[in-house]
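In: Provided below are the primary sequence and the corresponding predicted coordinates.
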Amino acid sequence: MKTVCTLLLAVLFTTCSYAQRHRGLDSVDVTIRLKKHFSKNAPVDSVLIFFDRFDHSGAGIIKQVYYLSNDQVIIPQVPEGRYYIGIVCLGAHLQYFSEVTFVNKRRSNQLKFRLKRSEAFTAGTFVPDIYFDMAKLYITNAKSFKIK
């Protein structure tokens, strides 16, 4: 009886270790592409990328500076799950991207971000982007026309 129990335990432990050894991979590669909308955009030298778990169980799962090749970065072996993803462009082009997404085998795991217009500075050619809300101007505000 004792040898039968020992034999059953040995078979049980070997099958458990066999199942764990041959378990499928639970990490995938993520490709991040930065698409230039304008041909004269200032170059992006490198990017700081960080992945934080959506359920706040792991901050900074990935936190590293990557250098671009062909305007893309491939991040190997990202564990599956839902993430807050932050990307900071470094170099002459400064821009920040953020996204919440799932990373798993069933998705394409290719993230695409469009770069805003930015050019290298040349004296006399700078035209700032000016945005204003017409509804917030003093002249268009209905409260400014109160009759006293």
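Out: Everything's here; your move.

In: So for this structure, the centremost residue is which one?
Out: residue 85 (3.3 Å; C-alpha atoms, centre = their mean).

In: ok, then the element right after the helix or strand harbouring residue 89?
Out: Mapping residue 89 onto the secondary structure by DSSP states H and E places it in strand 81-91. Later in the chain than strand 81-91, the nearest helix or strand by DSSP H and E is strand 96-103.

In: Give the other helices and strands that that following strand contacts.
Out: Secondary structure elements in contact with strand 96-103, counted by 3 or more C-beta pairs under 8 Å, 6 or more residues apart in numbering; DSSP states H and E, are strand 81-91, strand 110-115. All C-beta atoms are positioned from the backbone trio N, CA, C, and that covers glycine.

In: Show me where the protein has its strands.
Out: In the chain, strands defined by DSSP state E lie at 27-36, 44-53, 62-67, 72-79, 81-91, 96-103, 110-115, listed in chain order.

In: Note down every partner strand of the longest one and its orientation.
Out: I take that to be strand 81-91. Strands adjacent to strand 81-91 in the sheet, as given by DSSP bridges, are strand 44-53 (antiparallel), strand 96-103 (antiparallel).

In: Next, the buried residues of that strand.
Out: Of the residues in strand 81-91, those buried under the neighbour-count criterion (16 or more other C-beta atoms under 10 Å) are 81, 83, 84, 85, 87, 89.

In: now do stretch 35-49
Out: Applying a neighbour-count criterion of 16+ other C-beta under 10 Å, one finds 36, 41, 42, 44, 47, 49 buried in stretch 35-49.

In: got it, and stretch 106-113?
Out: By neighbour count on 16+ other C-beta under 10 Å, the buried set for stretch 106-113 is 109, 111, 113.

In: cool, and stretch 56-63?
Out: Of the residues in stretch 56-63, those buried (16+ other C-beta under 10 Å) are 61, 62.

In: Start and end of that stretch, how far apart?
Out: With C-alpha to C-alpha, to the nearest Å applied, stretch 56-63 spans 15 Å between its terminal residues.

In: residues making contact with stretch 41-50?
Out: For stretch 41-50, the surrounding residues in contact (C-beta atoms under 8 Å, 6 or more residues apart in numbering) are 32, 34, 60, 62-68, 71, 73, 75, 85-93, 115, 117-120.
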